[in-house]
Structure formats: C-alpha cells, structure tokens
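model the following, please.
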Amino acid sequence: MAKPEEISFTSAHEIKADRRIIKTKKAIYEALVELMQKKKLNSITVTELAAHADINRKTFYTYYSTVNDVLDEGINELITSLKDLLCAMSEDYNMFSPQTLFAFLNTIMSDADIARNLFASDNGSLLFNRLQKALQETLLKELIDKDIKMNVPSEQYPLISNFVAGGMVSAYYEWIINPDGITLDEMARTLTTLIISGVHAFA
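Now for the predicted structure:
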C-alpha cells in the first residue's frame, strides 16, 4: 500500500505537469494568433510557430501534428466553453434576456486581444460561423424546450433562432474590430432591446 505522502507527492507532480502543458499550449495558440495577423494560416510553418512560441519543434509535436490542429483546438475550446455556459444558464435564465447576452459577450471577451486578432485574421470567418452555430442551436433549444409560444409555425423556429444568433455575433464582431466606438454595455443593452422587441412581435 502506498504511503500517504507518496500519493500527495504524485498528485502535486501531476498538477504541476498539467499546468506546464496548459501554459505551453496557451503560448503556442497565442503565438499562432499573432502570426495570423501577418500571414495566411497555410503559410505558417511548424518551425516558425515553434520559434515564435519560444519552444522547439519536438515540444510542438508532443501536442500537435499540424499548425491547423492548434487553431482547431483553440476554437473548439472556446465553443465548448460557450456552450457549457449557455446550457447552464438556460436552466435559470431566459436565453433572450440581458443577463444571457452579457454572459455570452463576456465569455468571448475573456481575452479581448486574442479574440480581436483572431476575428481580424483571414480565418476570422471560421470563428464567426462556429459562434453563430453554437448560439443558434442554444436559442432553438430554448424555444422548443421551454415551449415559448410564438405566433408562427414551429417549423420557423430555426429561422428565428438563426436570425437572432446572426445579429448578436455580427454586432459583436463589429464591436471587437472597432472597440473605440460604442461600449460593450451600450451594445448589450441595445441588442437586448432589439432582440426582445423582435421576439415579442411574434408572441
């Protein structure tokens, strides 16, 4: 039977290793986003990315096979985090409410510079489309699961949820690319009024 102190040492060692992996992957992802501001994704080499992240090629290949894998993982983690938050919030909040909109925007804003650089890159449309799809699926589920009564056939719910999701993501895109205009709070309040007024028109 292992001694208690040995178990404690192993756990601490594993935690330290996990933190090191997370830190390394974060450095690689941030380096990729920075490079994507200067050149197209398909022209970025592993050697170039590794040097920019201050690691060697061997370390890169420990976690990824290609440069594209880095971007895919970064976007997948963002979308997963967003879906988890929206799913958790749907149990207590109306998904068309101001609280939900603020949470949605604040989740994406966890690192404004990275989000801004990624949106502005040639691959910004990939993030845009994935965000819109994630939000649209959540809103559609909200309409169906909570049996929200609307004066339109239920077959049109996908259209309504897609319209609302597209408007939210498009507005956010414009804000993050041009942050010196309207504030995040002002945009959230305006969007909330537009969205709720639009939905109520069908009630």
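
what's the weakest-modelled helix or strand in the protein?
helix 98-108 (a mean of 66; mean pLDDT, DSSP states H and E).

can you give me the domain assignment for this structure?
According to automatic domain parsing, the chain comprises the domains 1-65, 67-203.

from those domains, which stretch is densest packed?
Among those, domain 67-203 has the highest mean neighbour count (mean count of other CB atoms under 10 Å), at a mean of 16. Bear in mind the C-beta positions are built from the backbone N, C-alpha and C, glycine included.

what's the separation between the residue nearest in space to the middle of the chain and residue 115?
Centrality entry for the chain: nearest residue to the mean C-alpha point is residue 78, 3.3 Å, by CA atoms, centre = their mean. Computed as CB to CB, to the nearest Å, the residue 78 to residue 115 distance reads 9 Å.

cool, and residue 40?
Relative to residue 115, and taking CB to CB, residue 40 is found at 19 Å.

let me see the mean pLDDT of stretch 131-145.
Mean per-residue pLDDT for stretch 131-145: 83.

mind checking how far it is from the chain centre?
15 Å (CA atoms, centre = their mean, to the nearest Å).

now residue 167: how far from residue 128?
For residue 167, the distance to residue 128 - CB to CB - is 13 Å.

over to residue 163?
For residue 163 relative to residue 128 (CB to CB), the value is 15 Å.

just residue 49 next, same as before
As for residue 49, its distance to residue 128 is 23 Å (criterion: CB to CB).

and for residue 88?
Taking CB to CB, one finds residue 88 at 24 Å from residue 128.

C-alpha coordinates for the particular helix or strand that has residue 136 in it, CSV please?
Assigned by DSSP states H and E, residue 136 belongs to helix 124-145. C-alpha atoms of helix 124-145 as CSV (Å, rounded to 0.1, in the frame of the first residue of the first chain):
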residue,chain,number,x,y,z
GLY,A,124,-11.9,35.0,-38.7
SER,A,125,-14.9,33.7,-40.6
LEU,A,126,-14.3,30.2,-39.1
LEU,A,127,-14.7,31.5,-35.6
PHE,A,128,-17.7,33.7,-36.6
ASN,A,129,-19.5,30.8,-38.2
ARG,A,130,-18.8,28.4,-35.2
LEU,A,131,-20.0,31.0,-32.7
GLN,A,132,-23.2,31.7,-34.6
LYS,A,133,-24.0,28.0,-34.9
ALA,A,134,-23.4,27.4,-31.2
LEU,A,135,-25.7,30.3,-30.2
GLN,A,136,-28.3,29.4,-32.8
GLU,A,137,-28.5,25.8,-31.5
THR,A,138,-28.9,27.1,-27.9
LEU,A,139,-31.6,29.5,-28.8
LEU,A,140,-33.5,26.9,-30.8
LYS,A,141,-33.4,24.5,-27.9
GLU,A,142,-34.7,27.3,-25.7
LEU,A,143,-37.7,27.9,-27.9
ILE,A,144,-38.5,24.2,-28.1
ASP,A,145,-37.8,23.1,-24.5
